[in-house]
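# what follows is a protein structure lacking sequence information:
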């Protein structure tokens, strides 16, 4: 991207204009997220910067919105629900999704595109349609308004992410490795656990993280399939925004952003590890 | 088995395995076994998705044509009406009225009559109140004290019963299945003289579908315009720097949708950060604050922000594969940098634009949360109406029909996506 | 590192999982569905807290989805799996739910407490028992509030809301045909007594929409009671309709620069309905007997400015719990406020809501 030495003036101008445009777009991407941090410490119950805040006057800042979040039983219940639902739906979708990805990645698999298309469809079908369908169907089964109903729904929504990430790990998977292990007298089970598992683990974990965040972030389906006992953080935020916009929502948002940063770091580490491992297997 | 195979492969023996089975048979058997294992691995998830996801979707499709309520609640009326010839333009005979009074009296006591009214009200405004009113009166009615004909009794309850159209409507909707929700979903209605469009001030859904398509296209276009330079920058920078800058794309991608929507509320509202900023700089007066939320601007800005990473990531992965030598070659042959870009680089990225574009468009036309929070009335999309019919108006058949139409649009795009990118090549992050 | 991660994750899963699923122990959880915000808070203060204090084995869970109450109740009934014990409903929707058999009929005299002087409940509640399923709680009204810093001469009549020239700025109205269509007709010169006769005709409906058209592009539509308060507080709008209790809260408790405009307030009733097949029918009837007695209904007015519907409670309405101000002048039923009050016809709306809701949505989307 560096400018060649022989660049003309026009090219120079264009180059810097281009960089400026990029900076602006990056700003568009990231400023809305960064802006939440200071606003969540606003001493006034508004969504904007007060003069005191701009003057960096300590009186303009407060941590009381965080206090409200941690002391409110509604929010704490929402946190518990979000984590419970996300963990169980992650376990289900990761287990089923990984198995399916192992099957799908075999060359012999028949009707691969069609089956894959169906398995990935929960990711593509608009959430409102999934939510509507599940609302009617789960109601009939008596699953509407239960933890199990929401967990199953989220597991269904999350499994495509696991299938995709694990399949992606297996694309670079060197099948000669399992062959080699087999030819050296390793049993299929042993081959699976000694060769396949270590190779796909990064993919499985990053798939699981995707599944976790899918469930953790999901609001449309839980609004329909859940009832007050399944009220999750996004649900509480949704009704909070619709009803009373209090900076507590921004405090929650800040905590969630920090949470995303942690997850993002984990995924990045896994991705690099995966690349390293694949580099090894190719060598 | 595999062990034996590899042995027989390495030896130059004729086509027999160690146990004397022909290699072809043995290979076929092995292949079949591997096929079955592969299928067995996929089966659990397949069944799971079938039960928890495809089942519900199918159930919803059924609901869009389901019409049991009328024949269930008014069975005698329905069978009597079956022999009535509506084309004569005359009211049905006494037998129909008698059957109706009997059905409706039971229904009024079971409290199911208002459900029939509600159902028919979707076809003709005014039916709901007609059935409610009639139900209340029939509850008190004692058949032993009837001195007039059933026809006169019912006609006396409300003048709408004297309308040919009312009975025609019940007859028309007496089947177990109906197509009328789909007609309603395209702003049409079945009149006595065939299908007509609804009067202009009562058309909703085609307008909404058009608006949803238009806003989604606009958002897709915006993500292309904003995403392309970023993807280009990231793809051409040194890996170290681009990895660092990639965080700026991935962080929004990983941040909760509701967090980002609340951020836009804080930024765009009248007393929000952007307006405050503009007022402080003197661009606008304090009373000239811009309305950027609760309208289409809010929906477009917030959704563009939310969907932008979905455009940048596929574009980036395509651009990453374009060797810089192509452009260099073009330059060395005398092309200006613009020509080199336009003739050499850009054509190579079209597939990426297609992939990202379809992905963003698919996601955009199904959006519900963001338009509901920042869209106001002019910025709401078809999804919001599906939600409205499920939770407020309770017209579930129409919600299902609208959902099915939306699903069909998505399916077409999904197939298109498969043709361009291939579903198995879908990548994340 | 990896091992540590999986172990902690597993431990967390088990801990959280068990925490999530073991809440249903010896105590009975009653799910009560209401409107959220200040209103639920007032019920919590006046009914739930004292009841739970007296009955330690009962735990009351608030669900704020009364706005989608009918939809969810119908879905639950269809599935034969009702999980709600009690629903707070406005009069027209209570009538509709009762007609559809989704809520149970009540024997008011048997199921509810007598007044302290021995008056039977049905007499004490009087005309407010508008349906055999309806257990009245409070009278409230839809009224306008306005920013008192927005105009030099403050608005005095409801029709000023429709006057964009004298009173420019955005208005927050509820996204529903009822109330708005009545106001539009009154502002258009229809005598309050004739409003429903006019609305019964196609021309009347068109006339109401035509009047609403004049302010349409200046309207922000709200769906939850707290939204207009937020919009008024943020200065996003200069006028806003809301329930009078929410306006009271914003004006008197939160000291927002908002004034009441009582003119043409529309009175409505609010009460409880018991879902058919409620999971804890016996417990909830026990609760209702307590929560709708004379003292409890009067207590609610300590928290919010809604008028209790028992005649015997009216005399007990006193001062606000925290502010210590007299509540009577803030009640919609106060004679001064009642002067131009408009009587909302719930029967009429129970019959016509479906028809007009559809028209209203079409109108919103058009143009």
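Structure received. Here the structure is a predicted model, which means the values were calculated and not measured.
# the lengthiest helix in chain A close to chain B?
The single longest helix within chain A, with elements called by DSSP state H, is helix A:248-282. Yes. Using C-beta under 8 Å from any C-beta of the partner chain, helix A:248-282 reaches chain B at A:249, A:250, A:253, A:256, A:257, A:260, A:261, A:263, A:264, A:267, A:268, A:271. The way it works is simple: take the backbone N, C-alpha and C, and place the C-beta from them, glycine included.
# just the closest of the residues you listed to chain C, please.
The shortest approach to chain C among those belongs to residue A:249, at 11.7 Å (C-beta to the nearest C-beta).
# quick one: low-confidence parts of the chain?
You didn't say which chain, so I picked chain A. Within chain A, the segments meeting pLDDT under 70 span A:1-5, A:172-175, A:244-245, A:277-283.
# not what I meant, chain B
B:1-18, B:423-429.
# pick out the residue of it closest to chain C.
For chain B, C-beta to the nearest C-beta, closest residue to chain C: residue B:111, 3.1 Å.
# residue B:115 - nearest residue in space that isn't next to it in sequence?
residue B:69 (5.7 Å; C-beta to C-beta, 6 or more residues apart in numbering or on different chains).
# got the phi and psi for the one you found?
Note on residue B:69: backbone dihedrals following degrees, to the nearest 10 are phi -50, psi -40.
# contacts only, for it.
Residue B:69 is in contact with B:112, B:115, B:116, B:119, counting by C-beta atoms under 8 Å, 6 or more residues apart in numbering or on different chains.
# now residue A:96
By C-beta under 8 Å, 6+ apart, residue A:96 lies in contact with A:155, A:159, A:162, B:44, B:45, B:48.
# would you format the residues you listed as JSON lines with neighbour count, secondary structure and distance to residue B:397 included?
Shown next, in JSON lines, are the contacts of residue A:96 (neighbours: other C-beta atoms under 10 Å in any protein chain shown; DSSP: H, G, I helix; E, B strand; the rest coil; distance: C-beta to C-beta, whole Å):
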{"residue": "A:155", "neighbour count": "30", "secondary structure": "helix", "distance to residue B:397": "29"}
{"residue": "A:159", "neighbour count": "32", "secondary structure": "helix", "distance to residue B:397": "30"}
{"residue": "A:162", "neighbour count": "31", "secondary structure": "helix", "distance to residue B:397": "35"}
{"residue": "B:44", "neighbour count": "15", "secondary structure": "helix", "distance to residue B:397": "34"}
{"residue": "B:45", "neighbour count": "29", "secondary structure": "helix", "distance to residue B:397": "32"}
{"residue": "B:48", "neighbour count": "22", "secondary structure": "helix", "distance to residue B:397": "28"}
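# now, of the contacts of residue B:69, which are buried?
Among these, those classed as buried by neighbour count (16 or more other C-beta atoms under 10 Å in any protein chain shown) are B:112, B:115, B:116, B:119.
# from residue A:39, how far off is residue A:151?
Using C-beta to C-beta, to the nearest Å, residue A:151 is found at 34 Å from residue A:39.
# same check on residue B:129?
For residue B:129, the distance to residue A:39 - C-beta to C-beta - is 49 Å.
# do the same with residue B:270
For residue B:270, the distance to residue A:39 - C-beta to C-beta - is 16 Å.
# these two: which has the busier surroundings?
residue A:39 (26 against 19; other C-beta atoms under 10 Å in any protein chain shown).
# show me the contacts for the spatially closest residue to the more buried one that is not a sequence neighbour.
In this structure, residue A:39 finds its nearest non-sequential neighbour in residue A:250, 5.2 Å apart by C-beta to C-beta, 6+ apart. The contact partners of residue A:250, taken as C-beta under 8 Å, 6+ apart, are A:36, A:39, A:40, A:42, A:47, A:65, B:262, B:266.
# quick check: closest non-adjacent residue to the fourth one.
This points to residue A:42. Excluding the flanking residues, the one nearest residue A:42 by C-beta to C-beta, 6+ apart is residue A:247, at 5.5 Å.
# how does the chain divide into domains?
Using chain A here. In terms of domains, chain A is parsed into A:9-60, A:81-282 (source: automatic domain parsing).
# I was thinking of chain B, sorry if that wasn't clear
What the record gives for chain B is the domain set B:2-59, B:68-177, B:205-425, from automatic domain parsing.
# does chain C sit close to the shortest one?
No. In this structure, domain B:2-59 remains apart from chain C according to C-beta under 8 Å from any C-beta; the gap is never smaller than 12.1 Å.
# from the chain's centroid, how far away is that domain?
Relative to the centre of its chain, domain B:2-59 is centred 38 Å away, using C-alpha atoms, centre = their mean, to the nearest Å.
# ok, now how distant is residue B:374 from residue B:291?
Distance from residue B:374 to residue B:291, by C-beta to C-beta: 12 Å.
# higher neighbour count, the two?
Applying other C-beta under 10 Å to residue B:374 and residue B:291 shows that residue B:374 carries more neighbours, namely 27 against 16.
# residue contacts, the closest residue to the more buried one other than its chain neighbours?
Nearest non-adjacent residue to residue B:374, counting by C-beta to C-beta, 6+ apart: residue B:298, 3.7 Å away. By C-beta under 8 Å, 6+ apart, residue B:298 lies in contact with B:264, B:268, B:292, B:374, B:375, B:376, B:379.
# in helices, which of those residues fall?
B:264, B:268, B:374.
# what subset of the residues of helix A:248-282 next to chain B is buried?
By neighbour count, with 16+ other C-beta under 10 Å, the residues of helix A:248-282 next to chain B hold A:249, A:250, A:253, A:256, A:257, A:260, A:263, A:264, A:267, A:268 as buried.
# spell out which parts of chain B neighbour chain C.
When proximity is defined as C-beta under 8 Å from any C-beta, chain B approaches chain C at B:110-112, B:114-115, B:118, B:121, B:125-126, B:128-129, B:132-133, B:135, B:200-204, B:207-208, B:269-271, B:291, B:294, B:376-377, B:385, B:388, B:390-394.
# just the strands from chain C, written as ranges.
Under the criterion DSSP state E, chain C contains strands at C:28-33, C:58-63, C:86-90, C:135-147, C:171-174, C:219-222, C:239-243, C:258-273, C:307-308, C:342-343.
# wait, which of those is closest to residue C:332?
strand C:135-147 (3.8 Å; C-beta to C-beta).
# what's the angle from that closest one to strand C:86-90?
Relative orientation of strand C:135-147 versus strand C:86-90 (axes from the mean of the first three to the mean of the last three C-alpha atoms, to 10 degrees): 50 degrees.
# count the neighbours of residue B:85 for me.
Applying other C-beta under 10 Å, we find 9 residues neighbouring residue B:85.
# and the residue nearest the centre of chain A, what element?
Geometric centre of chain A, nearest residue: residue A:213, 3.3 Å, by C-alpha atoms, centre = their mean. Here residue A:213, judged by DSSP states H and E, is contained in helix A:197-217.
# and that helix, what's buried?
Neighbour counts using 16+ other C-beta under 10 Å place A:199-217 of helix A:197-217 among the buried residues.
# OK, contacts around the closest residue to residue B:146 other than its chain neighbours?
With C-beta to C-beta, 6+ apart as the criterion, residue B:146 has its nearest non-adjacent residue at 6.6 Å, and that residue is residue B:153. The contact partners of residue B:153, taken as C-beta under 8 Å, 6+ apart, are B:97, B:101, B:141, B:146.
# from residue B:96, how far off is residue B:153?
In terms of C-beta to C-beta, residue B:153 sits 13 Å off from residue B:96.
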